[in-house]
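**Q** Using only what follows, build the 3D model:
(chains A and B)
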Amino acid sequence: MTTYSPREIESKWQLFWSKEKTFSVKEDPNKKKYYVLDMFPYPSGEGLHVGHPLGYIASDIFARFKKHQGYNVLHPMGYDSFGLPAEQYAIQTGQHPALTTEKNINRYRQQLDRLGFSFDWDREIRTSDPSYYKWTQWIFLQLFESWYDLVENKAKPISVLVSHFEKQGTQNLMASNTKALVFSSKQWNTYSTEKKEKVLMNFRLAYLSMSQVNWCPELGTVLANDEVKDGVSERGGYAVEQKEMMQWSLRISSYAQRLLDGLEQVDFTPSLKEQQRNWIGRSEGLLIDFEIEGQQQNIQVFTTRPDTIYGVSFMTLAPEHYLVQQITTDKYRSNVLSYLDTVSKKNERERQSNVGNPTGVFTGAYALNPMNNEKIPIWISEYVLHGYGTGAVMAVPAGDQRDYDFAKQFNIEIKNIFKGVSLDANAYVEKDVEYINSPKIEGLNYYEATDVIVEILIRKKKAIKKVNFRLRDAIFSRQRYWGEPFPIFYKNATPYPVKDKQVLLPKVDKYLPTNDGRPPLGRAKRSDWNVFLGDQMELNTMPGWAGSSWYFLRYMDPKNKKKLAAEEKLNYWKQVDLYVGGAEHAVGHLLYSRFWTKFLYDLNIISFQEPFKKLLNQGMIGGAIESLCLKKEKQEGKPVFICSSEVENNHIVKIPCHIDFVSDYGSKNSYLTPNQIAEFIKWRPEYKDAIFEIKNQQYSISELVKDTNKKIYTLTEHGKMSKRYFNTIDPEKICDSYGADTLRCYEMFLGPIEEHKPWSVNGISGVFGFLKKTWALFHQAKQVKQTNEELKILHKTIKKVTEDIEKYSFNTVISTFMIAVNEWNKLPQISFKTMENFTVLLSPFAPHISEEFWKKLGHESTVSIAPWPMFDPSFFEESSYEYPISFNGKMRYKLALSLSLTKDEVEREVLKNEKTKNHLAEKEVKRVIVVPGKIVNIVV
RNA sequence: GCCGAAGUGGCGGAACUGGUAGACGCGCACGACUCAAACUCGUGUGCCUUCGGGCGUGUGGGUUCGAUUCCCACCUUCGGUACCA
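**A** You can find the predicted model right below:
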């Protein structure tokens, strides 16, 4: 027997798979399809670390499993290759981002190839490849050429809208728009081309508008709402401010209800669905008109609590509200103007930061409560969001905490409308109330009261029902170079689509904005563009999520030059059956790709509305971050390091330390020996004069190396695995020492796939040992008849492995393998037939060693297409069972009894047993529970 | 604050639908092999114990013959979100 040498066999089989095109797949109507997809990576310069492949391993296991079961499995991989880091690098070095990207992709590919994935690389896609982004641009144009019909609830061609305008103007039109327009067909027909385009822009699903955007000066670009976290950019953590800019947006808000409803059809985790629901933020309420005293116009407010209308004691408008100037009285004008001025200087974050301490001014105007004509003062406050509802709020301090805080701040009356409720400290936001001071609804509960108020206001034509969504339209322009160029040109400041030819990214001399602040594409001369029409080309590029919103479709037909994918292929592969990726994309990517899928469905391009049937979120593999603790104050100009146990009494700076130097890294007692400190200093020479304080004694490095018993303790934290913390583990390193099969099994063995877990090499030797044991066991197998014992172990294993893979419980599968091998090892002999079956079970997890076994068993072809073993329950027909005998629910001993015994017979056997008598001692048996084939419980 | 997920040995974790808590692996201890070490193999390993047993799945209560599993309250950790009317 040769020893198990993963290096040799793994590269051999990887070559075999790629030569034989083992995993290349074609549409086959005679076979059931299964589509397994990974979230494709952005190829960063840092390469992969052991955390990245976790999801790829899981999906690969599942894809291989389905292949064994006879499915036609689509399992592709590609690269989300447009993005900021390559561009940032280009700015620094002048190197074209395409070159960096290419280099990074090659590195990724090399790392991926070593892990033995069953990807069909013939289907590889790259979002930055013109042959790919041609279709991203195409979808954008379809959005541009569409509007949303609210009657049929679907997108329709803009030509349908134009003919509607020609015949009826805006009459009988129910369409999503930016603002409500009213015109007749006569008017429409007199409009100029430019005027018509402006009107249509109001309806297009991809539209240009002046909008409040999240501007990030450091990145030199705008960001979508979900790219901003806590007021800073998600990537890089730079400050973000609000700015008015002309930008492309996508009318995702039209799809809000469908995006919400679609969640019922898909198998995502509850928490992820919840996040999407919150992001969409549906609320049902009422639009109520309040007359303004002495004015023609009304103020419209949106409320979800019409039942509290008798508690309205003031009204608040957003500073941007269109009626502010008009209703402000002369007496309060200067006050209002100075407030508006203060607010305009604040960014969104500052405006939202003073919770509980609101600001605002009185306008001098009064509104009239439609229920009782009471006068209500109208205020302005920054806490009211211009973009939500109507930008005006009927303030009910009794029932809303924000209104309550505002009223307290400005000494406005707090009207109590709830019986038996104290409003001394807080508003009362619960709905389990009885009303007082509310003439029409006293004595009613919340639901009845709401119905009554709604009915009255609607009858008086003072209100209409309305559903509001928090979801905003998505800004689609980025002021960057490395993204999809828009297929758009401008003539007389009006945008038109470029239809006949694909617009390619032009050459530029630098990847920076122009001196006059236009995006980098502004540097391209007319001749640098492959297409130049009109006065000017669009200078923005598309955001990172454009290419990733539809890529799962392109894998079905990646080389198609005429269409985004051929119809018959789209109809064959359909939805992704299993999608594996990180939960951090919960709202961004997943929402946008669901939106584009629904849009393409409306266009009859695809036959399904949800892109991903089942989503599996893999947890992150964290790393231990090890830092040396540096005192903030230097001592005689020298840096001082102290032990992590001493940090409480000192101000320290954490200096991340490469985990290669640290002993017991990841544990509470991680430390550096003097030799390791010397290594650290070699790595960070700026600390060569540092003083190390150990147990109140100070040492220089030269003193320390003389006493090897000294230790300096490092601070251990758990966090991301990242180059920045010097704690990344390269999967290739693991492959070098243990092999890919061990790495694959070990990453699965770490724990449930969805959970976050720290990386540690501690357990890896156990998994490696298991493969070695399996190797040895295999080489002991003989051409003999299968014994009942080995078959029993085999079928127990088949059952458990199959069930667990179907539950995505991969960690327990590895345990099951280990148990089986341990048990077979105890038998005097093992047959080839048993090992053959086991090899198939093992192959999704450890494909290389399995191929090797398969060949040694005499097969010519790959193990990856061998049929999955069938479970045979007949091996488990037992005649007796070892009953656990428990007393008051605690198991005390076991007793083997025939399964043919009745309950009474079991009870009798148990009670007359010596051990039962011992356990009972003097106590009396109150009751005996017998569950046949399960347990016996004696109650004393 | 609100929403979601999760708390089990020294560690990663297992336990079907309420039925033997701690599978499997790491670590540790002892033993075999070896001149020796590594490798490998074997045995043991939740805690306490007066060796009878007692206690144990974040805490406190409840339902049950029986609870890691179901119910109520609370604590902690992680993730999301934050004036959305």
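
**Q** Tell me the residues of the stretch 351-500 of chain A that contact RNA strand B?
**A** A:351-355, A:358, A:382-385, A:388-389, A:391, A:393-394, A:400, A:402, A:405, A:468, A:470 (CB under 7 Å from any atom of the strand). No exception for glycine: its C-beta is placed from N, CA and C like everyone else's.

**Q** Filter these down to just the buried residues.
**A** By neighbour count, with 16 or more other CB atoms under 10 Å, those hold A:351, A:358, A:382-384, A:388-389, A:391, A:393-394, A:400, A:402, A:405, A:468, A:470 as buried.

**Q** which residues in the stretch 101-250 of chain A form strands?
**A** Assigned by DSSP state E, counting those that start in this stretch, the stretch 101-250 of chain A shows strands spanning A:146-149, A:154-157, A:206-216, A:221-223, A:228-229, A:232-233, A:241-250.

**Q** wait, which of the ones you listed is closest to A:Met315?
**A** strand A:206-216 (23.0 Å; CB to CB).

**Q** Direction included, what does the closest one pair up with?
**A** Strand pairing for strand A:206-216, using DSSP bridges, gives strand A:221-223 (antiparallel), strand A:241-250 (antiparallel).

**Q** Which stretch among those is buried most, on average?
**A** Of these, the one with the most neighbours on average (mean count of other CB atoms under 10 Å) is strand A:221-223, at a mean of 23.

**Q** Residues contacting that strand, please?
**A** Residues from elsewhere that reach strand A:221-223 (CB atoms under 8 Å, 6 or more residues apart in numbering): A:213-216, A:233-234, A:240, A:243, A:245, A:247, A:475, A:477-480.

**Q** Just give me the least confident of the buried ones among the residues of the stretch 351-500 of chain A next to RNA strand B.
**A** The member of those with the lowest pLDDT is A:Arg351, at 71.

**Q** Which of the helices or strands spans that one?
**A** Assigned by DSSP states H and E, A:Arg351 belongs to helix A:348-352.

**Q** Now do the contacts for A:Val25.
**A** A:Val25 makes contact with A:72-75, A:120 under the criterion CB under 8 Å, 6+ apart.

**Q** Now list the buried members of these.
**A** A:72-75, A:120.

**Q** If we ignore the residues flanking it in sequence, what's nearest the residue most central in space within chain A?
**A** The centre of chain A sits closest to A:His585, judged by CA atoms, centre = their mean, with a distance of 2.1 Å. Ranked by CB to CB, 6 or more residues apart in numbering and with sequence neighbours excluded, the top spatial neighbour of A:His585 is A:Met39, at 6.6 Å.

**Q** I figured the one you found hits A:Gly582, correct?
**A** Yes. In this structure, A:Met39 is within contact of A:Gly582 by CB atoms under 8 Å, at 6.7 Å.

**Q** any common contacting residues for those two?
**A** Shared contacts of A:Met39 and A:Gly582 (CB under 8 Å, 6+ apart): A:Gly55.

**Q** picking up where we left off before, what's the pLDDT at the residue nearest to A:His585?
**A** 95.

**Q** Likewise for A:Gly666?
**A** As predicted, A:Gly666 sits at a pLDDT of 69.

**Q** same deal with the one 4 residues further on?
**A** For A:Ser670, the model assigns a pLDDT of 73.

**Q** Can you identify each of the strands in the stretch 551-700 of chain A by residue range?
**A** With strands called from DSSP E, counting those that start in this stretch, the stretch 551-700 of chain A shows them at A:578-582, A:615-618, A:621-631, A:640-642, A:652-656, A:671-672, A:691-694, A:697-700.

**Q** Quick one, which of those gets closest to A:Val925.
**A** Set against A:Val925 and scored by CB to CB, the strands of the stretch 551-700 of chain A come closest in strand A:615-618, at 50.4 Å.

**Q** by contact count, what packs against the closest one?
**A** Strand A:615-618 sits against helix A:53-68, strand A:578-582, with contacts defined as 3 or more CB pairs under 8 Å, 6 or more residues apart in numbering; DSSP states H and E.

**Q** Next up, the contacts around the closest residue to A:Ser809 other than its chain neighbours.
**A** Spatially, and ignoring its direct neighbours in sequence, A:Ser809 is nearest to A:Pro752 (6.9 Å; CB to CB, 6+ apart). Contact analysis of A:Pro752 by CB under 8 Å, 6+ apart lists A:619, A:809, A:811.

**Q** The residues you listed: which ones sit near RNA strand B?
**A** Within the contacts of A:Pro752, those near RNA strand B by CB under 7 Å from any atom of the strand are A:809, A:811.

**Q** Looking at the contacts of A:Pro752, which are in helices?
**A** In this view, the contacts of A:Pro752 that belong to helices under DSSP state H are A:Asn811.

**Q** Buried ones among the contacts of A:Pro752?
**A** A:619, A:809, A:811.

**Q** Tabulate the residues you listed (JSON lines), appending distance to A:Gln786 and pLDDT.
**A** JSON lines is the format used below for the buried ones among the contacts of A:Pro752 (distance: CB to CB, whole Å; pLDDT from 0 to 100):
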{"residue": "A:Gly619", "distance to A:Gln786": "40", "pLDDT": "89"}
{"residue": "A:Ser809", "distance to A:Gln786": "28", "pLDDT": "94"}
{"residue": "A:Asn811", "distance to A:Gln786": "29", "pLDDT": "95"}
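
**Q** can I get the residues you listed in JSON lines with distance to A:Ala367?
**A** Formatted as JSON lines, the buried ones among the contacts of A:Pro752 follow (distance: CB to CB, whole Å):
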{"residue": "A:Gly619", "distance to A:Ala367": "52"}
{"residue": "A:Ser809", "distance to A:Ala367": "60"}
{"residue": "A:Asn811", "distance to A:Ala367": "62"}
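
**Q** Whatever residue of the stretch 801-940 of chain A ends up closest to RNA strand B: neighbour count?
**A** Closest approach of the stretch 801-940 of chain A to RNA strand B (CB to the nearest atom of the strand) occurs at A:Gly889, with a separation of 2.9 Å. Around A:Gly889 there are 10 other residues, counting by other CB atoms under 10 Å.

**Q** Show the backbone phi and psi for the closest residue to A:Tyr446 other than its chain neighbours.
**A** Nearest residue to A:Tyr446, sequence neighbours excluded (CB to CB, 6+ apart): A:Lys431, at 4.3 Å. Here is the backbone geometry of A:Lys431 (degrees, to the nearest 10): phi -110, psi 10.

**Q** Can you say which helix or strand has the residue in the stretch 701-850 of chain A that RNA strand B sits nearest to in it?
**A** Using CB to the nearest atom of the strand, A:Gly766 is the residue of the stretch 701-850 of chain A that sits closest to RNA strand B, at 2.3 Å. Using DSSP H and E, A:Gly766 maps to helix A:764-780.

**Q** got any ranges where the stretch 651-800 of chain A has weak pLDDT?
**A** Residue ranges of the stretch 651-800 of chain A with pLDDT under 70: A:664, A:666-669.

**Q** For the stretch 801-940 of chain A, which segments count as strands?
**A** With DSSP E, counting those that start in this stretch, the ranges of strands along the stretch 801-940 of chain A come out as A:880-887, A:890-898, A:927-931, A:935-939.

**Q** Which residue ranges make up each domain of chain A?
**A** Under the assignment automatic domain parsing, the domains of chain A span A:154-203, A:282-469, A:621-719, A:758-875, A:878-939.
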